[in-house]
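# would you be able to build a 3D model of this:
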Amino acid sequence: MNSTKKLIIAGIAAALLPTMAMAAYPTNYGYLVDSSGKVVKDNYGECWRTGYWTPAMANEECDPNLVKKPEPVAEAPAPAPEATPAPAPVAAMPQTVNLSADALFDFNKSTLKPAGKTTLNDLVRDLNATKYDEIQVTGHTDRIGSKAYNQKLSEQRADSVKDYLVSQGVPADKISAKGVGETQPVTKPGECVGRKSPKLIACLQPDRRVEVVVTATKEPAAN
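Just a heads-up that it's a prediction; the model follows:
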C-alpha cells in the first residue's frame with residue numbers, strides 16, 4: 001500500500017487527515033472508506049454512504065438497525081411499523097485528501113509521474129462511488145527556492161492534478177485549482193534547518209503536497 005496517500009471525504013485534503021496512501025481499496029462501495037479500509041465518518045460520527053449503497057450493504061458499525069438479526073420466537077408476528085417519509089440528503093462537512101507531491105511529481109517538477117497517475121486513478125474511483133458537489137485542488141511547496149518560484153510551482157502542480165482528474169471523467173465545472181506556494185507549511189519553524197541538501201529536502205517533504213477538498217452530499221442515516 002502506498003504510504004504517501006491518505007483518504008477521506010470532513011475535513012473526500014493535502015481532514016475527505018495526515019498523508020494518505022491511495023493504493024488498494026475495498027470493493028464494497030456501500031460506504032466511503034479511507035486507504036486503510038476504515039469507514040469515513042462525519043463530525044457527528046455517522047458513516048458516509050456512497051451512491052451505490054443499498055440496505056443489503058448495511059453493516060453493524062454504520063447501520064446496526066438495518067443488519068438482519070435472528071428473530072425471536074413469537075406467538076404472533078409484530079405489527080408492521082407505519083412508514084415514515086425518508087429524510088432528504090444533507091450537506092456534509094468538506095473532506096480533505098492529502099497527497100504527497102513527491103508521490104505525484106519529481107522534485108521541482110509539475111509533470112505527473114506514472115505512479116502519480118495511478119494514485120489519482122484511485123482517487124477518481126472513490127469519487128465515482130460517491131455524490132459530491134465540488135472539488136478544490138490546492139498545491140503546496142516547501143520553502144526551498146524563492147517565494148515567487150514556489151507560488152508558480154504550486155499553481156502548476158494543482159493545475160496538473162485538476163487537468164488529470166478532468167481527463168478521467170471528473171466534471172470540469174465541479175473542480176477548481178489554486179496554489180499557495182510555501183505559505184502553509186506542515187513542518188514547524190526550526191524543525192528543518194541547514195542549507196539545501198538531501199537531508200533538508202527529506203525533512204521538508206510533508207510541506208510538498210496537494211490537497212483535494214471534496215464537498216459532498218451525504219445520505220442521512222436510517223432511524
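
# which one is H140 nearest to, not counting chain neighbours?
Take H140 and drop its neighbours on the chain: the residue closest to it by Cβ to Cβ, 6 or more residues apart in numbering is R209, 5.0 Å away. The C-beta positions use only the backbone N, C-alpha and C, and glycine is treated the same way.

# got any ranges where the chain has weak pLDDT?
Scanning the chain for pLDDT under 70 picks out 1-29, 70-76, 85-93, 217-223.

# apply 50 and report the result again.
Along the chain, the parts satisfying pLDDT under 50 run over 1-27, 220-223.

# who does the longest helix along the chain touch, helix- and strand-wise?
Using DSSP state H, we find that the single longest helix of the chain is helix 147-167. Secondary-structure packing of helix 147-167 (3 or more Cβ pairs under 8 Å, 6 or more residues apart in numbering; DSSP states H and E): helix 101-104, helix 114-128, strand 132-140, strand 175-179, strand 209-218.

# how about stretch 154-170: buried residues?
Buried positions in stretch 154-170, judged by neighbour count with 16 or more other Cβ atoms under 10 Å: 154-162, 164-165, 170.

# could you dump the residues you listed into TSV with distance to A148 added?
Formatted as TSV, those follow (distance: Cβ to Cβ, whole Å):
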residue	distance to A148
S154	11
E155	11
Q156	13
R157	15
A158	16
D159	17
S160	19
V161	21
K162	22
Y164	25
L165	27
V170	30
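
# what number of residues lie near V39?
16 (other Cβ atoms under 10 Å).

# over to V213?
When neighbours are defined as other Cβ under 10 Å, V213 has 23 of them.

# do the same with W48
Using other Cβ under 10 Å, W48 has 24 other residues around it.

# now do F107
F107 has 11 neighbouring residues, counting by other Cβ under 10 Å.

# so who does the closest residue to it other than its chain neighbours touch?
In space, and not counting its chain neighbours, F107 is closest to I201: 6.9 Å by Cβ to Cβ, 6+ apart. The contact partners of I201, taken as Cβ atoms under 8 Å, 6 or more residues apart in numbering, are 107, 142, 144.
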